[in-house]
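Undergrad: I would like to see how this sequence folds:
(chains A and B)
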Amino acid sequence: MSLVADRPPKRKQRSWTAAVRERAVAAWPPEKLLADKQPSYVSSWIYVFGVLSLAALAVCILSGLVLTLKGPSWWHDTGVGLFFNSLHLWSVELFFFFMVIHLWGKFWMAAWRGNRVRTWITGALAFVVSIPTALTGYVSQQNFDSQWISTQAKDAMNSAGVGAFFNLTNFGQMYSYHVLLLPGAVILLVIGHILLVRKHGVVPPFELEQKSPQTSLATQPTEPEPGVQA
Amino acid sequence: MAAIFNLNHHAGYVHWHFFAMSWPNIIVIIAMLIVFVLAIAIRFPRGHEPAEER
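TA: This is a model prediction of the structure:
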């Protein structure tokens, strides 16, 4: 009778950093994370609106950083400040404009197909969280517009039963939400969304699925099939 | 925008039964619908790259 033989094999000691690295590289190998080729069906204008949303978000964040550094008197009273104020406003307008078209396009493509549910959910959440991010920006302008919007929105929030958690007429609270908490959430959601798009690939149009009899909504491969013209 | 249109007044509203929306919002939504349809309908420029992959 051997005690050594009964003993379970000794576990290999691994650090958590190595485990995270191995999992990350397995999920996002470099050629997938920073792909230089896309399937031919991506050559359509409707696929452009995701990256247009990202570009608008980048301008929005950069212009917002400048506004945060300089403060309300600068963005209201100087020419350059007014320019950055307008840049911030119009980048938000374009962000929502492009994001809504992106959402419509993906909805009619049923972009949650092929194990892409989490991609869809993170995109939808990014859209939902962007709305209070914009609202807190409108009430942080420090002008008559923001006073009007905050008092109107306060009544709306109270009527919806969520007014006990925050006060839209409290500039300090709304400004903190706008420059830190909510944009942080939007950025994290967008990063997660992009990583999931990189992992699962861009959703193929329905025509490609119908050409392949083996693939169905339930069994479609995670990776889109390249080389077929949409 | 303000150089082209006079924006120094309150926005007009469309009221129809329960529906109430400002004209600027209606115009933006119509513009989004138009861009959405055009994005599907207009052919994407392909350049000189192979048809299989871009």
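Undergrad: Secondary structure element for A:Ala18, which one?
TA: helix A:16-27 (DSSP states H and E).
Undergrad: list the helices and strands the very next helix or strand once past that helix packs on?
TA: Reading on from helix A:16-27 to the C-terminus, the next helix or strand found by DSSP H and E is helix A:30-33. The helices and strands touching helix A:30-33, judged by 3 or more Cβ pairs under 8 Å, 6 or more residues apart in numbering or on different chains; DSSP states H and E, are helix A:182-200. (Glycine included, C-beta is placed from N, CA and C.)
Undergrad: Pull out the buried residues from the helix it packs on.
TA: Within helix A:182-200, the residues that qualify as buried are A:182-183, A:185-186, A:189-190, A:192-200, counting by 16 or more other Cβ atoms under 10 Å in any protein chain shown.
Undergrad: so which helix or strand takes in A:Val80?
TA: Assessed by DSSP H and E, A:Val80 sits inside helix A:79-108.
Undergrad: and that helix, which residues are buried?
TA: For helix A:79-108, burial by neighbour count (16+ other Cβ under 10 Å) applies to A:81, A:84-85, A:87-92, A:94-106.
Undergrad: Chain B next: which of these are close?
TA: When the buried residues of helix A:79-108 are filtered against chain B using Cβ under 8 Å from any Cβ of the partner chain, the residues retained are A:Phe97, A:Val100, A:Ile101, A:Trp104, A:Gly105.
Undergrad: so what's the first one closest to, chain neighbours aside?
TA: It refers to A:Phe97. Counting by Cβ to Cβ, 6 or more residues apart in numbering or on different chains, the nearest residue to A:Phe97 once its immediate chain neighbours are dropped is B:Met32, at 6.1 Å.
Undergrad: centre of the chain versus the helix or strand containing that neighbour, how much separation?
TA: Following DSSP H and E, one finds B:Met32 within helix B:23-41. When distances are taken as Cα atoms, centre = their mean, to the nearest Å, helix B:23-41 is centred 3 Å away from the chain's centroid.
Undergrad: Check stretch A:152-162 too.
TA: Chain-centre distance of stretch A:152-162: 26 Å, with Cα atoms, centre = their mean.
Undergrad: From A:Leu103, how far out is the residue nearest the centre of chain A?
TA: Centrality entry for chain A: nearest residue to the mean C-alpha point is A:Val190, 2.2 Å, by Cα atoms, centre = their mean. From A:Val190 over to A:Leu103 the distance is 14 Å, taken as Cβ to Cβ, to the nearest Å.
Undergrad: Pick out the residue of chain B closest to chain A.
TA: For chain B and chain A, the shortest gap (Cβ to the nearest Cβ) falls at B:Ala39, measuring 3.9 Å.
Undergrad: how about the residue of chain A found nearest chain B, phi and psi?
TA: Chain A approaches chain B most closely through A:Trp45 (3.9 Å), counting by Cβ to the nearest Cβ. Note on A:Trp45: backbone dihedrals following degrees, to the nearest 10 are phi -60, psi -30.
Undergrad: pretty sure it is touching B:Val35, no?
TA: No. The pair A:Trp45 and B:Val35 does not pass the contact test of Cβ atoms under 8 Å, sitting 9.0 Å apart.
Undergrad: pLDDT weak spots in the chain?
TA: In the absence of a named chain, this looks at chain A. Scanning chain A for pLDDT under 70 picks out A:1-13, A:208-230.
Undergrad: not what I meant, chain B
TA: Across chain B, the stretches falling below the confidence threshold (pLDDT under 70) are B:1, B:47-54.
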